[in-house]
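K.L.:
I would like the atomic coordinates for the input below:
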Amino acid sequence: MESKGLVIVAVGLPGAGKSRFHEKFLPDAVRCCQDLLKRREKVEALVEETVRAGKVAYVDRTDLDPKQRSHWVKIAKRCNVEV
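P.N.:
The predicted structure is shown next:
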């Protein structure tokens, strides 16, 4: 059976514990972090690559408003996975 990807979007202020949550509870998810990749476009590419491979993408960004989060929803819809 083919594994279906999933996009998890962590929302919170810097220092709120998004990265710690990933480490503690979702260590097998691919951490897609703009702090590490430096550009949102690189994060978007990693998220899409991850879910197309049937894995879980954990988006580790502040994403406080719906417009910021809409990028991840669009990718999930395009890849036919849940967010």
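K.L.:
Pull out the buried positions in stretch 66-73.
P.N.:
69, 71, 72 (16 or more other CB atoms under 10 Å). No exception for glycine: its C-beta is placed from N, CA and C like everyone else's.
K.L.:
which residue packs closest to the second one, ignoring adjacent ones?
P.N.:
Just to be clear, that refers to residue 71. Leaving aside its sequence neighbours, residue 71 sits nearest to residue 44 (CB to CB, 6 or more residues apart in numbering; 6.0 Å).
K.L.:
Can you name the residues bridging to the residue most central in space within the chain?
P.N.:
The residue lying closest to the centre of the chain (CA atoms, centre = their mean) is residue 59, at 2.4 Å. Taking DSSP bridges, one obtains residue 9, residue 32 as the residues bridged to residue 59.
K.L.:
about what we covered before: out of the buried residues of stretch 66-73, who's nearest residue 12?
P.N.:
residue 69 (12.0 Å; CB to CB).
K.L.:
The residue nearest to the centre of the chain: what's it in contact with?
P.N.:
By CB atoms under 8 Å, 6 or more residues apart in numbering, the contact set of residue 59 is 7, 8, 9, 10, 32, 43, 47, 72.
K.L.:
can you map out the strands along this structure?
P.N.:
In the chain, the segments counted as strands under DSSP state E are 6-10, 30-33, 56-60.
K.L.:
so where's this structure uncertain?
P.N.:
1-3 (pLDDT under 70).
K.L.:
re the thing from before, so can I have JSON lines of the strands of the chain showing distance to residue 39?
P.N.:
Below are the strands of the chain laid out as JSON lines (distance: least, CB to CB, whole Å):
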{"stretch": "strand 6-10", "distance to residue 39": "18"}
{"stretch": "strand 30-33", "distance to residue 39": "12"}
{"stretch": "strand 56-60", "distance to residue 39": "14"}
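K.L.:
next one: stretch 9-28 to chain centre, how far?
P.N.:
11 Å (CA atoms, centre = their mean, to the nearest Å).
K.L.:
Number of residues surrounding the residue nearest to residue 53 when sequence neighbours are not counted?
P.N.:
Excluding its sequence neighbours, the residue lying closest to residue 53 (CB to CB, 6+ apart) is residue 5, at 7.0 Å. Applying other CB atoms under 10 Å, we find 22 residues neighbouring residue 5.
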